[in-house]
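Q: Structural data only, the sequence is not supplied:
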Ligand SMILES: C=C1C[C@]23C[C@@]1(O)CC[C@H]2[C@@]12CC[C@H](O)[C@@](C)(C(=O)O1)[C@H]2[C@@H]3C(=O)O
Ligand SMILES: O=C(O)CCC(=O)C(=O)O
Ligand SMILES: [Fe+2]
């Protein structure tokens with residue numbers, strides 16, 4: 001069931017599509033604007049090696065076509081990095097989705113060498129793309145270029161790769177099937193949430209399902225474009241920009257006749273990194289400091305103790321006790 005009365009507007013309405021082959025200063029200005037207005041944009045002409053994408057997609061399709069027993073056997077001991085089926089997180093969330101989660105510094109899983117190699121190559125390439133987007137973001141904001149990117153390029157950065165597979169609506173994993181006429185064909189694949197990290201870089205096959213919430217409170221379906229990457233601001237970037245950027249709420253629905261495959265890279269900092277509003281974002285009386293400073297480890301622990309749809313950032317607003325000295 002899809003709950004809530006939030007209206008849905010036309011696909012891609014208000015979603016910026018940024019051509020990365022333009023002059024650098026234009027790209028960086030457009031990125032900043034997109035992060036301020038929606039917290040979400042697509043990038044095209046990004047230079048990502050297409051063979052890396054197609055290998056990753058082919059291996060993922062082969063993997064998800066296996067039996068559940070085989071899929072479960074890839075599990076590493078390194079929880080929560082695993083194969084998951086319907087359950088999301090550890091606090092009772094679920095959806096019409098199965099997935100693989102890897103820590104990018106140790107994507108250890110028991111699968112064939114060609115899949116492991118495809119995953120490793122993809123991680124390196126998508127990390128570089130995230131790095132480039134974060135440098136452009138810093139340039140657009142007029143802060144030192146490595147302000148954000150250094151956090152994700154450190155050897156101990158805590159980034160995650162997630163591969164999601166959403167079944168077509170006639171093959172839902174749980175509950176009623178198409179033969180039950182009273183059942184809606186639209187289900188929640190991945191419930192509404194924000195991503196806790198700095199930045200997410202996502203791509204999908206040509207099947208739709210992703211929706212983002214716009215500032216008018218409408219859901220905007222994201223038109224699927226396998227040649228583009230979708231980028232969304234995460235909670236930490238909202239904090240570092242002192243609320244100037246929006247950590248966008250988003251969800252994935254499943255309603256089509258075909259399987260949807262999405263691959264997301266969640267760019268996170270090292271666990272002990274201190275995260276707080278940048279000085280440059282808190283200078284004037286018009287921009288009072290909105291958030292406390294905390295470590296990513298503290299924030300992550302809180303995020304993982306809550307439900308998917310919970311707003312965690314509110315707990316780190318200033319004026320909530322625990323102020324910085
Ligand atoms: C319900 C949850 C799943 C999640 C951990 C959490 O407790 C809240 C944040 C969720 C999320 C959303 C973005 C990513 O998909 C994810 C891997 C992340 O870092 O935070 C998931 C977590 C998860 O699936 O374990
Ligand atoms: O599959 C998608 O398009 C969205 C998935 C997502 O939001 C996530 O994995 O955090
Ligand atoms: Fe997400």
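A: Yep, that arrived. Computed from a prediction, not measured in an experiment: that's the story for all the values here. Residues are numbered from 1 along each chain as shown. Ligands and ions are numbered 1, 2, ... in the order given.
Q: what does the top strand by length along the chain rub up against?
A: Using DSSP state E to assign secondary structure, the strand with the most residues in the chain is strand 93-103. Outside of strand 93-103, the residues within contact range by Cβ atoms under 8 Å, 6 or more residues apart in numbering are 60, 63-64, 71, 74, 78, 80-88, 109, 119, 123, 158-167, 172-174, 187-191, 252, 254, 307-308. The way it works is simple: take the backbone N, C-alpha and C, and place the C-beta from them, glycine included.
Q: can you list contacts of stretch 121-139?
A: Under Cβ under 8 Å, 6+ apart, the answer for stretch 121-139 is 24-25, 27-28, 31-32, 35, 43, 46, 48-49, 52-53, 55-56, 102, 104, 107, 144-149, 152-153, 159, 161, 198-199, 201, 229, 231, 237, 263, 265, 267.
Q: ChimeraX command to pick out the buried ones of those?
A: ChimeraX command restricting the contacts of stretch 121-139 to the buried ones, with burial defined by 16 or more other Cβ atoms under 10 Å:
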select :27,28,31,32,35,43,46,48,52,53,55,56,102,104,107,147,148,149,152,153,159,161,198,199,201,229,231,237,263,265,267
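Q: Check which residues of stretch 204-218 are buried.
A: Buried positions in stretch 204-218, judged by neighbour count with 16+ other Cβ under 10 Å: 204, 205, 207, 208, 209, 210, 211, 212, 213, 214, 218.
Q: Can you add distance to residue 3 and secondary structure and give those residues back as a markdown table?
A: Below are the buried residues of stretch 204-218 laid out as a markdown table (distance: Cβ to Cβ, whole Å; DSSP: H, G, I helix; E, B strand; the rest coil):
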| residue | distance to residue 3 | secondary structure |
| --- | --- | --- |
| 204 | 23 | strand |
| 205 | 27 | coil |
| 207 | 23 | coil |
| 208 | 20 | coil |
| 209 | 17 | coil |
| 210 | 18 | strand |
| 211 | 14 | strand |
| 212 | 17 | strand |
| 213 | 14 | strand |
| 214 | 19 | coil |
| 218 | 16 | coil |
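Q: now, among those, which is nearest to ligand 2?
A: residue 210 (3.8 Å; Cβ to the nearest ligand atom).
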